[in-house]
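S.K.: mind looking at a prediction? Sequence and model below.
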Amino acid sequence: MTKDELFYELLNIAEQNYCRISGNKTHRFSLNEKRVLQIENLVNLIFEKVNNDSIGNDFVKDFISFVFSKSVGRTNFLGIKDLPMFNQIFSRTAFNQYQKTEHWKKLYGKRNLSKIAKKTNLILTSEEKEKRNTRFLDICLKVSNTEETEKSRFHGSQKGYQWCINFTTLYKPTSELCVNCVSKDKCKELLKENFPKIFEVRINAREI
């Protein structure tokens, strides 16, 4: 599993768990620059700590299940019971806690890495790859009402450009506000520099 595959596998499994527990079958995490960076930091940490051959679907399910189990019987600061916040799911702290469990030591301790690798290596069918690609395109291009609200606060100004850097996922061709923004060229360059894969999808999409 590559880092990009792990990124979307973590996101996908976390959303599945959230939907199952909350009963909201259509829940999707809204991604902005900070959230993307947070998941990327977690991915990098996992690749530092775990043998690459052991990073697969089973590993991701096990880790995410551990994170969600920590919230059972608890209420977060939004008043939601049994569900962790985004920052709690995709955090270095959660992974460090996971490493301290006996379950981790048994499955992913150095002596067991080669044994578990064969069992957890993710092999995707062509249909699964197509679904994942479709999901990736959806994440990259779907207009978020939350983001549109943030973009509209200071639209067309230098403050608006700085605001979008902090609170949005940058230029999106499917957003009317982005297409008509005076800072869209700078925003595209920033997107290209920091998130090249997302940039490639968005730059090749038709503007509305």
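M.R.: Looks like it arrived, so ask away. Numbers count the residues shown, from 1 in each chain.
S.K.: below-threshold pLDDT in the protein: ranges please.
M.R.: Within the chain, the segments meeting pLDDT under 70 span 76-79, 108-125, 128-129, 208.
S.K.: how is it divided into domains?
M.R.: The chain breaks down by automatic domain parsing into domains covering 3-123, 142-203.
S.K.: and the shortest one, how far apart are its ends?
M.R.: Start to finish, the residues bounding domain 142-203 are 14 Å apart (CA to CA, to the nearest Å).
S.K.: any idea how far N133 is from G56?
M.R.: Using CB to CB, to the nearest Å, N133 is found at 19 Å from G56. Every C-beta, even on glycine, is put in place using the N, C-alpha and C of the backbone.
S.K.: more crowded one of those two?
M.R.: For N133 versus G56, the count of surrounding residues by other CB atoms under 10 Å is larger for G56: 21 against 12.
S.K.: surely that one and M1 touch.
M.R.: Yes - applying CB atoms under 8 Å as the test, G56 and M1 come out as touching, 5.7 Å apart.
S.K.: buried residues in stretch 64-72, which are they?
M.R.: Residues 64, 66-68, 71 are the ones in stretch 64-72 that count as buried (16 or more other CB atoms under 10 Å).
S.K.: alpha carbons only: can I get it in CSV?
M.R.: Output of stretch 64-72 as CSV, limited to C-alpha atoms (Å, rounded to 0.1, in the frame of the first residue of the first chain):
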residue,chain,number,x,y,z
ILE,A,64,-9.6,2.9,13.3
SER,A,65,-11.6,0.4,15.4
PHE,A,66,-9.2,1.1,18.3
VAL,A,67,-9.7,4.9,17.9
PHE,A,68,-13.5,4.6,17.8
SER,A,69,-13.5,2.3,20.8
LYS,A,70,-11.8,5.0,22.9
SER,A,71,-15.0,7.1,22.6
VAL,A,72,-17.5,4.5,23.6
